[in-house]
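>>> Here you go, sequence then predicted model.
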Amino acid sequence: MMAATWATIWISAAGIAIGFALGVPLAVAAQRWWARLYISFFRGVPLLVQLLLAYYALPFLGIDLPGIVAAVGTLGLCCAAYMAEILRGGFALVPRGGLEAARLLGLTPTQTLLRIRLPIAAQAMRPALVNEAILIIKASSLISVVGILELTRSAQALASSTFEPLPAYALCGAIYLIINLSLSFAARARPA
Amino acid sequence: MSALSVRGLHRSVGATQILRGIDLDVTAGEAIGIIGPSGSGKSSLLRCIAGLDPIAAGSVAVEGRATRPGDGAVGMVFQQFNLWPHLTARQNVALALRLVRKLPVREADARAEAALAQVGLAALAARKPAALSGGQQQRVAIARTLAMEPRVLLFDEPTAALDPELTTEVLDVIRALAAGGTTMLVVSHEMGFVAGLATRVVFLDHGQVVQSGPPAEIFSQRAEPRIQAFLQTYLSRVAWVQA
């Protein structure tokens, strides 16, 4: 179960990291048709269905992904859609004057995005971003359908092999709780 | 060659003409005061010179070259300071030195400290804008602009967002810069300050230069009637009881 806990943690972390990295350009391009389409799809289709599509349906198109790639990839792509919407709201809060100052001082649009817009937006939206990260950690329990042994799957295995579901699932729930509480505590402790 | 040359500058928003043919030549070291009623186009003129607003016709050149935003020719200090709230005073000043001038961190920080010292804020370099007074924030903004050594410095109502007791510290900094030979254009409603600072005062109304001349000429009975009427509204607001 220890190994499965680490699997849940690193797979979620990778998914969140991918989600944030893709969410930034998506948020910048939020008005473009392809960004709208992307966000609509990944927010509108259940994550479980997305996982099933990635792992069981893509091979019929000749794309055969290993379970771990399908799992991390789908979590990341789905997370990106939500991150993009959160950051889009954050970008709207960045005062225009600060951007004009950056432009006059000679910062490039990319430098302005990474050094000015993103930090201000992420700071303002921190509670929503942490919330999304927690949702991803919990949603990672779904990746057992692509054959990954993560926390929930290992609890099921433990419960069925010992015939004692109570300690197995209680422990499983407690571990999720500890992970998520640590995350929100760390986010709150970080100086503003 | 003039430090700044503005020729036939027009700017419109929709059908509204904001600037209607502005001509202005500024020699290096001059401090130009720009005054005029609200909506006369003072801020628009600065924003067009900086390249922040598009111009409909005419040209802007600094030392003979056309400018574009970010080329370092023009620096601007805004009414609302426009500091970056997530960075300390030092980081606000050092960021462009690092990213645009490509200075190493150590040197960028040293120059930022020097610029902050120049505006009297060396001791507060580690503070974020939220922990500074309005006057201090504006001085950081001035330091941030100065550190990039622009050829021409624009001040767009630099004290309009400040409480009266905080304006003095900002005006003192601008005066010191003018005395040091910085070429500048200052839009301000602080008439006494403009009269004392400017080598030349430009009065703008409805997007046109009504009159331009030394302060002694503009702030006098010899000025155009429109200017005298405008200045009268200021005089009527001064509480001054003779003993």
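Received the coordinates, thanks.
>>> show me what contacts residue 87?
By default, I'm working from chain A. Listed by C-beta atoms under 8 Å, 6 or more residues apart in numbering or on different chains, the contact set of A:Leu87 reads A:23-24, A:27, A:118, A:121-122, A:125. C-beta here means a position set from N, CA and C on the backbone, and glycine is covered the same way.
>>> please go with chain B instead
B:95, B:128.
>>> So what does the residue most central in space within chain B look like in phi/psi?
Among the residues of chain B, B:Phe155 comes closest to the average C-alpha position under C-alpha atoms, centre = their mean, at 1.0 Å. Main-chain dihedrals, B:Phe155, degrees, to the nearest 10: phi -120, psi 120.
>>> With adjacent residues omitted, what lies nearest to it?
Excluding the flanking residues, the one nearest B:Phe155 by C-beta to C-beta, 6 or more residues apart in numbering or on different chains is B:Val186, at 4.4 Å.
>>> Could you say which helix or strand holds that neighbour?
B:Val186 belongs to strand B:184-187 when assigned by DSSP states H and E.
>>> For the next helix-or-strand element following that strand, what is the distance to the chain centroid?
Where DSSP H and E defines the elements, the next helix or strand beyond strand B:184-187 is helix B:191-197. Relative to its chain's centre, helix B:191-197 lies at 14 Å (C-alpha atoms, centre = their mean, to the nearest Å).
>>> which parts of helix B:191-197 are buried?
With burial defined by 16 or more other C-beta atoms under 10 Å in any protein chain shown, the residues of helix B:191-197 counted as buried are B:191, B:193-195, B:197.
>>> Can you point out the buried residues in the top helix by length along chain B?
As assigned by DSSP state H, the longest helix anywhere in chain B is helix B:164-179. Neighbour counts over helix B:164-179 (16+ other C-beta under 10 Å) mark B:166-167, B:169-171, B:173-174, B:177-178 as buried.
>>> Dump those into JSON lines; add pLDDT and distance to chain A as well.
Listed next are the buried residues of helix B:164-179 as JSON lines, based on pLDDT from 0 to 100; distance: C-beta to the nearest C-beta, whole Å:
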{"residue": "B:Leu166", "pLDDT": "89", "distance to chain A": "19"}
{"residue": "B:Thr167", "pLDDT": "92", "distance to chain A": "19"}
{"residue": "B:Glu169", "pLDDT": "93", "distance to chain A": "20"}
{"residue": "B:Val170", "pLDDT": "94", "distance to chain A": "17"}
{"residue": "B:Leu171", "pLDDT": "94", "distance to chain A": "21"}
{"residue": "B:Val173", "pLDDT": "94", "distance to chain A": "17"}
{"residue": "B:Ile174", "pLDDT": "95", "distance to chain A": "18"}
{"residue": "B:Leu177", "pLDDT": "95", "distance to chain A": "17"}
{"residue": "B:Ala178", "pLDDT": "94", "distance to chain A": "20"}
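>>> ok, for A:Val145, nearest residue in space, not its chain neighbours?
The spatially closest residue to A:Val145, leaving aside those adjacent along the chain, is A:Leu51, at 5.6 Å (C-beta to C-beta, 6+ apart).
>>> Thanks a lot, catch you later.
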